[in-house]
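**Q** The sequence and its predicted three-dimensional model are supplied below.
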Amino acid sequence: MQFEDAEISGVKIVTPKKHGDARGFFSEVYKQSEWRAAGLDYTFVQDNHSLSGPVGTLRGLHFQTPPFAQDKLVRVVRGRILDVAVDIRRSSPTFGKHVAVELSAQNWRQLFIPAGFAHGFVTLEPDTEVLYKVTAFYSGAHDRGLAFDDPELGITWPTPPGGLLLSEKDKHWPRLRDLAEAFA
Ligand SMILES: Cc1cn([C@H]2C[C@H](O)[C@@H](COP(=O)(O)OP(=O)(O)O[C@H]3O[C@@H](C)C(=O)[C@@H](O)[C@H]3O)O2)c(=O)[nH]c1=O
């Protein structure tokens with residue numbers, strides 16, 4: 001398992017080993033001992049799985065407020081996404097900056113996003129399946145978001161000719177400058 005630092009402190013790109021043979025492959029996709037050896041000590045309590053049909057499905061940008069703030073480990077088992085993490089830690093020198101990494105079933109990369117970031121992705125292939133582990137349980141009452149198209153964030157979302165597909169909820173999140181909840 002390979003751990004790389006992304007451009008923003010705390011965000012990591014994790015690439016597990018894939019052992020291929022005539023049958024297919026085997027891969028240890030998460031191993032607590034290796035994470036601890038890399039100085040990453042997190043307890044994941046929930047595994048999530050989403051399927052997005054159309055190319056250009058955009059989910060985000062989401063976060064949960066304390067005490068339900070979540071660290072997330074994201075991967076793709078089918079298809080391809082551009083995965084985005086925006087730093088919303090007010091005291092951070094990179095507040096408002098983002099990391100964008102392509103994750104796919106092919107490149108087998110995972111993105112680790114600590115609490116204090118808003119997270120979202122857009123799908124680059126049809127029928128893309130995303131799996132992610134989180135360190136706090138889902139709480140609808142603590143579920144918050146940030147406008148994916150806030151010009152201050154400067155995120156370039158790849159957009160297919162038919163446009164992006166968003167949930168109703170994701171069309172109405174506040175901009176960063178109007179965000180009531182952000183992290184210290
Ligand atoms: C996230 C979540 C949703 N749900 C329910 C609420 C709702 O009825 C339905 C769909 O929820 P959403 O529209 O929020 O799903 P989605 O837009 O896929 O939300 C996810 O987006 C990505 C980018 C993240 O980072 C995740 O943490 C999560 O916020 O599933 C749960 O039961 N448990 C969960 O953990």
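**A** Yep, it's here.
**Q** middle-most residue in this structure, spatially?
**A** Geometric centre of the chain, nearest residue: His119, 4.8 Å, by Cα atoms, centre = their mean.
**Q** Which residues are in contact with it?
**A** The contact partners of His119, taken as Cβ atoms under 8 Å, 6 or more residues apart in numbering, are 60-63, 72, 74, 83-86, 113. All C-beta atoms are positioned from the backbone trio N, CA, C, and that covers glycine.
**Q** and it, which of the three is it?
**A** Recorded secondary structure, His119: strand (DSSP: H, G, I helix; E, B strand; the rest coil).
**Q** beta partners for it?
**A** His62, Ala85 (DSSP bridges).
**Q** Per-residue pLDDT of it, please?
**A** Each residue has a pLDDT score; the one for His119 is 98.
**Q** That one and the ligand, how far apart?
**A** Counting by Cβ to the nearest ligand atom, to the nearest Å, the gap from His119 to the ligand is 4 Å.
**Q** ditto for Ala6
**A** 16 Å.
**Q** For that residue, which non-adjacent residue is spatially closest?
**A** Distances taken as Cβ to Cβ, 6 or more residues apart in numbering put Val99 closest to Ala6, at 4.5 Å, once the chain neighbours are dropped.
**Q** same check, this time on Asp87
**A** Distance criterion Cβ to Cβ, 6+ apart; nearest residue to Asp87, sequence neighbours excluded, is Thr94 at 4.7 Å.
**Q** Tell me the spacing between the residue nearest to the centre of the chain and Arg23.
**A** Remark: distance between His119 and Arg23 (Cβ to Cβ, to the nearest Å) = 34 Å.
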